[in-house]
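A.B. asks: Quick one: sequence plus predicted model below, questions after.
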Protein chains: 2
Amino acid sequence: MEWNHSLNTQGLARGGMKKRGVTSKDVAKLAGVSQSAVSRCFSPHAKVSEATRQKIHKAARELGYRPNSIARSLITRSSQTVAVVFQSLENPFYSTMLERASRFFQEQGYFLQLFAASPGDSIDDVIDGLIRSQVEGVLMLAITLDAEQAAMLTDLSIPIVIINRTVAYDGVSQVSGDNFHGGYWAAQHLVRCGHQRFAYLAGLDGTSTSDQRRDGFIAGLADKGAELHSQDIGNYRYDDALLAARRLLSSSTPPDAIFAANDLMALAVMEAARHEFHLSVPEELAIIGFDDVPMAAWPSHALTSLAQPVTDMIARATELLMTQIHDPETIPQHIKLPVVPMVRGSTRSLR
Amino acid sequence: MEWNHSLNTQGLARGGMKKRGVTSKDVAKLAGVSQSAVSRCFSPHAKVSEATRQKIHKAARELGYRPNSIARSLITRSSQTVAVVFQSLENPFYSTMLERASRFFQEQGYFLQLFAASPGDSIDDVIDGLIRSQVEGVLMLAITLDAEQAAMLTDLSIPIVIINRTVAYDGVSQVSGDNFHGGYWAAQHLVRCGHQRFAYLAGLDGTSTSDQRRDGFIAGLADKGAELHSQDIGNYRYDDALLAARRLLSSSTPPDAIFAANDLMALAVMEAARHEFHLSVPEELAIIGFDDVPMAAWPSHALTSLAQPVTDMIARATELLMTQIHDPETIPQHIKLPVVPMVRGSTRSLR
DNA sequence: GTGAAAGCGCTAACAT
DNA sequence: ATGTTAGCGCTTTCAC
């Protein structure tokens, strides 16, 4: 204990020196109890007498003791940590979800580790990090895994919930909007409004959301005897969508209706159409987005969009993850939530 | 080892059962070496012969071994984790910073733990979490600490970098824009454009950014012989700013120029002015924001704003934090970066 | 109710 | 270069 003595006499006084924190042993010594008594005292179901509880808390407060959760994790084999993996936070749809998830897990007494999946890179490095840090569950924000990657985690009984992407195998939970019907509605609505040349602005190539929305859009057109006039890709990003919009609208026979795979891109189309091509929206160009981010409702944009129930989605996803963490027998679920058309000024009124 | 035997014969085969992960001991046994050899093999400066390295890696790959970083953290007393604490991610200014920070720390081999500071609540709970989880550094996104709270962390030699808030004491680093001069410029610009009634839309009450921008604004007005006509508060949030804008513009003598403490609020003012009060911007109402988020530059908004160098800010902050983590002797710095006026259509042209 | 003792999975001396 | 040993700070039997 001489070591701790030196800590208290000079370690705290001088700045800059790397010192170890207060341990349960220090508290035990000051309180005159055993180290295990201190440990019990900081456990939820403390079997300690009121008298010792007092002594220990007093000593703990004096020393500024906080249980080291790393040591706790090692012995209990539970990190009390969940991971959130994301691609990009440019879309407020995802930053909102992250914020909600963060608050939710924090309330549940869990820590949240954040992992960024770089667009180009493989996600294997992220998976490695997830396993090394022993997270107890993973929330994937618009991240796809193949079956093998998912198995790496689920084999270690680390549950996964994927938001806004669908995968073809079981074993992971997923929560997403009804992309197909969203696309379908967009097509039917545009046809009903009397448009002729329908373009699709895709999100990220090969993502389930983008593909399903496109498939629904094409099916919706087909059922009205119409077909896709043109398409381009905007990677779900504003800047890329701006470039795509310019390409689409520069055509000698440009589309008169564009369905974009998310609002961010739809708004880029709107900016380009109005301010670069001087088209009136919706008379000369109708635009529909997806997500219904708050900006879509701003009167300047008045973007018709398919609202994804973001509050519901993140709540279902986080609760599902917690359930699976607490009971590993829980069957992973595939939840598909309805999307709701929000008709605004970026599409013509019917008739 | 009988335990591990049962693990391998049935644990992996059956699903749903909670099993422990592969440890360095398992790998050692399979490779026919000591456990410490395995440990060395996964350390940066491995002093192992090529032969054993091969054997170990082969065994590790076979078993799917990954070092348990919790155990490593316990012995090395370093969690390889930094924390980011935020209030809200509604403003893309912060979600962008978070994304950048996440990628930066990940590249440096650090984990990132995310903590949400609830608006009303004290952040003592967050501080408790930071200490318990033994983070090695803390990035505060627009979070203020008082001296005592900061000392809790710095006494444990956990460096803190505060972004976009300033505090009056030393011991923590801070990176922010030059709020005062930003406000000063806004005032001078509005006066030069010929406006008469100047309103300030404050951010969150008592935050350094909001106060400094207001003080600069008032000083800028005063130097032109003008003064503040009215002010209101929007809590840095879109919705609250919308309400504030309605209050300001409903006055019998409404302002003809509003300086908002951030772009999100400025855009709310713009929406209300144009679409609810049918005012032309900038002829009847000039608007200036702060931050220069991407949306500000969209032609529909063309918001004059004071650009904060977000890329620079987050880079300086993260690098500073890493420096302080690696060398505890590093003196905390207070960095104030210049803000750059971006003149756009929401203010009249001069003369 | 309380303490002694045995680890959790790893790293880091210290021998060899 | 490799193995042996002693912990990191905590939780959790197990006696008492």
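C.D. replies: Received, thanks. Please read these numbers as outputs of a predicted model, since none were measured by experiment.
A.B. asks: Please identify the helix or strand for residue A:210.
C.D. replies: Following DSSP states H and E, one finds residue A:210 within helix A:208-222.
A.B. asks: Residue A:94 now?
C.D. replies: Applying DSSP H and E as the criterion places residue A:94 in helix A:92-107.
A.B. asks: okay, the angle between the helix or strand following that helix and helix A:92-107?
C.D. replies: Remark: after helix A:92-107, the chain's next helix or strand is strand A:111-116, criterion DSSP H and E. Interaxial angle of strand A:111-116 relative to helix A:92-107 (axes from the mean of the first three to the mean of the last three Cα atoms, to 10 degrees): 150 degrees.
A.B. asks: hmm, back to that, buried stuff in the helix holding residue A:210?
C.D. replies: Buried residues in helix A:208-222, counting neighbours by 16 or more other Cβ atoms under 10 Å in any protein chain shown, are found at A:208-214, A:216-218, A:220-221. From N, CA and C alone the C-beta is placed, and that goes for glycine too.
A.B. asks: What is the burial count for residue A:169?
C.D. replies: 11 (other Cβ atoms under 10 Å in any protein chain shown).
A.B. asks: I figured it hits residue A:148, correct?
C.D. replies: No: between residue A:169 and residue A:148 there is no contact under Cβ atoms under 8 Å: 9.7 Å.
A.B. asks: right, and residue A:348 touches residue A:284 too?
C.D. replies: No: Residue A:348 lies out of contact with residue A:284 (Cβ under 8 Å); the separation is 10.2 Å.
A.B. asks: Is residue A:229 in a helix, a strand, or coil?
C.D. replies: State at residue A:229, reduced to three classes by DSSP: H, G, I helix; E, B strand; the rest coil: strand.
A.B. asks: for the residue nearest to residue A:213 when sequence neighbours are not counted, what are its contacts?
C.D. replies: Once flanking residues are discounted, residue A:213 sits nearest to residue A:183: 4.0 Å by Cβ to Cβ, 6 or more residues apart in numbering or on different chains. If you count contacts by Cβ atoms under 8 Å, 6 or more residues apart in numbering or on different chains, residue A:183 has them with A:212-220, A:259.
A.B. asks: One more: residue A:267?
C.D. replies: So residue A:267 contacts A:238, A:289, A:295-296, A:301, A:303, B:298 (Cβ under 8 Å, 6+ apart).
A.B. asks: just so I have it, where are all the helices in chain A?
C.D. replies: Ranges of helices within chain A are A:2-6, A:24-31, A:35-41, A:50-63, A:69-76, A:92-107, A:124-132, A:147-154, A:179-192, A:208-222, A:238-250, A:263-271, A:310-326, based on DSSP state H.
A.B. asks: Go through those and pick out the most buried.
C.D. replies: Greatest average neighbour count among the helices of chain A goes to helix A:263-271 (a mean of 28), per mean count of other Cβ atoms under 10 Å in any protein chain shown.
A.B. asks: Could you export that one as PDB, CA atoms only?
C.D. replies: Output of helix A:263-271 as PDB, limited to C-alpha atoms (Å, rounded to 0.1, in the frame of the first residue of the first chain):
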ATOM      1  CA  ASP A 263     -35.200  12.900 -49.900                       C
ATOM      2  CA  LEU A 264     -31.700  14.200 -49.900                       C
ATOM      3  CA  MET A 265     -31.400  13.400 -53.600                       C
ATOM      4  CA  ALA A 266     -34.900  14.500 -54.300                       C
ATOM      5  CA  LEU A 267     -34.000  17.900 -52.900                       C
ATOM      6  CA  ALA A 268     -30.900  18.000 -55.000                       C
ATOM      7  CA  VAL A 269     -33.100  17.400 -58.100                       C
ATOM      8  CA  MET A 270     -35.400  20.100 -57.000                       C
ATOM      9  CA  GLU A 271     -32.600  22.600 -56.600                       C
END
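A.B. asks: From residue A:157, how far out is the residue lying closest to residue A:136 once chain neighbours are set aside?
C.D. replies: Nearest residue to residue A:136 in three dimensions, chain neighbours excluded: residue A:325, at 5.1 Å (Cβ to Cβ, 6+ apart). From residue A:325 across to residue A:157, the span is 9 Å (Cβ to Cβ, to the nearest Å).
A.B. asks: cool, residue A:180 as well?
C.D. replies: On the measure of Cβ to Cβ, residue A:180 and residue A:157 end up 32 Å apart.
A.B. asks: now swap in residue A:195 and tell me
C.D. replies: Counting by Cβ to Cβ, the gap from residue A:195 to residue A:157 is 51 Å.
A.B. asks: ditto for residue A:185
C.D. replies: For residue A:185, the distance to residue A:157 - Cβ to Cβ - is 39 Å.
A.B. asks: likewise residue A:66?
C.D. replies: In this view, residue A:66 and residue A:157 are 29 Å apart by Cβ to Cβ.
A.B. asks: Residue A:318 now?
C.D. replies: Going from residue A:318 to residue A:157 by Cβ to Cβ gives 19 Å.
A.B. asks: Settle this for me: residue A:23 is touching residue A:68, isn't it.
C.D. replies: Yes: using Cβ under 8 Å, residue A:23 is in contact with residue A:68, at 7.2 Å.
A.B. asks: Looking at these two, which one has more neighbours?
C.D. replies: residue A:68 (22 against 17).
A.B. asks: Just give the nearest non-adjacent residue to that one, would you?
C.D. replies: What sits nearest to residue A:68 in space, not counting adjacent residues and going by Cβ to Cβ, 6+ apart, is residue B:134, at 6.3 Å.
A.B. asks: got it, and residue A:157?
C.D. replies: Excluding the flanking residues, the one nearest residue A:157 by Cβ to Cβ, 6+ apart is residue A:328, at 5.2 Å.
A.B. asks: Please report phi then psi for that neighbour.
C.D. replies: phi -60, psi -10 (degrees, to the nearest 10).
A.B. asks: quick revisit: for residue A:195 and residue A:157, indicate the residue with more neighbours.
C.D. replies: residue A:195 (21 against 17).
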